[in-house]
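Chemist: quick one: sequence plus predicted model below, questions after.
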Amino acid sequence: MLVAPSILASDFGNLETEVKAICTAQCDLVHVDVMDGHFVPNLTIGPVVVQAVAKAATKGLDIHLMVENNSFFVDLFAPLNPEYISFHIEEEKHPHRLIQKIRSLDIKPAIVLNPHTPPEAIEYLLADIDMVLLMSVNPGFGGQKFIPTVIEKAKRLKKMIEKINPTCLIEVDGGVNDKNIHDLKEAGVDVVVAGSYVFNASSYEDAIASLHI
Ligand code: DX5
Ligand code: ZN
């Protein structure tokens with residue numbers, strides 16, 4: 001299991017120290033939540049702050065867009081060379097075109113599904129992406145309760161992935177902790193995002209290690 005701490009739960013007054021600390025604590029990716037106040041009822045950070053994150057990080061950036069105008073935000077963040085950019089399928093009229101654009105910028109494309117969106121919605125896109133991110137909370141805020149139906153959804157998605165694109169990863173985001181990590185692993189999940197579980201822990205290293213199963 002790969003672990004991507006969400007810096008949304010970090011101390012933004014000490015962002016450089018926080019990003020360095022999770023990287024030293026053996027995280028695999030640094031998850032960055034970009035919210036525009038339109039697609040979700042919250043507003044977070046733009047390229048100026050994410051540039052500071054990129055400078056401090058020794059692991060790849062996993063940028064999760066929760067915005068209305070995906071293509072515009074891809075252009076904003078592409079110069080920071082993130083490893084992944086993920087966008088919500090619920091908010092994109094031309095997902096296939098956007099995937100080609102992200103890949104042409106040498107960034108791995110990923111698609112996010114809200115809790116109500118079935119994996120079948122992206123069946124014809126699976127061959128072209130590197131990761132599917134399943135939301136296990138409603139996007140917009142950290143610290144919410146895990147929605148357990150994501151387990152069944154991950155199992156269904158895994159079967160589709162095995163047929164269509166076996167190298168595509170499954171990531172789960174929201175309410176992940178040391179209790180649900182075993183069910184996620186068993187369902188075929190490859191990457192977990194964890195915000196409050198990691199940043200509220202007294203040892204980032206122990207928290208990340210407990211998810212590395
Ligand atoms: C929610 C974000 C998540 C959030 C996870 O919209 O996409 O990445 O920060 O935080 P926790 O792990 O606290 O649920
Ligand atoms: Zn996220």
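Modeler: Arrived safely. Ligands and ions are numbered 1, 2, ... in the order given.
Chemist: does the residue most central in space within the chain belong to a helix, a strand or coil?
Modeler: Nearest residue to the geometric centre of the chain (C-alpha atoms, centre = their mean): His64, 5.2 Å. When classified by DSSP: H, G, I helix; E, B strand; the rest coil, His64 comes out as strand.
Chemist: I figured it hits Phe39, correct?
Modeler: No. At 11.4 Å, His64 does not count as touching Phe39 under the criterion of C-beta atoms under 8 Å. Quick note: C-beta positions are derived from backbone N, CA and C, even for glycine.
Chemist: and the residue of the chain found nearest ligand 1, how many neighbours?
Modeler: Residue nearest to ligand 1 within the chain: Gly195 (2.8 Å; C-beta to the nearest ligand atom). Gly195 has 25 neighbours, counted by other C-beta atoms under 10 Å.
Chemist: quick one: it and Ala9 touch, right?
Modeler: Yes. At 3.6 Å, Gly195 counts as touching Ala9 under the criterion of C-beta under 8 Å.
Chemist: shared neighbours of the two, anything?
Modeler: In terms of C-beta atoms under 8 Å, 6 or more residues apart in numbering, Gly195 and Ala9 are both contacted by the residues Gly142, Gly143.
Chemist: residue boundaries of the strands in this structure?
Modeler: 2-5, 29-35, 60-66, 84-88, 108-113, 131-135, 169-173, 191-194 (DSSP state E).
Chemist: got the confidence number for Leu15?
Modeler: Per-residue pLDDT puts Leu15 at 98.
Chemist: kindly report the same for Ile147.
Modeler: Value listed for Ile147 in the pLDDT field: 98.
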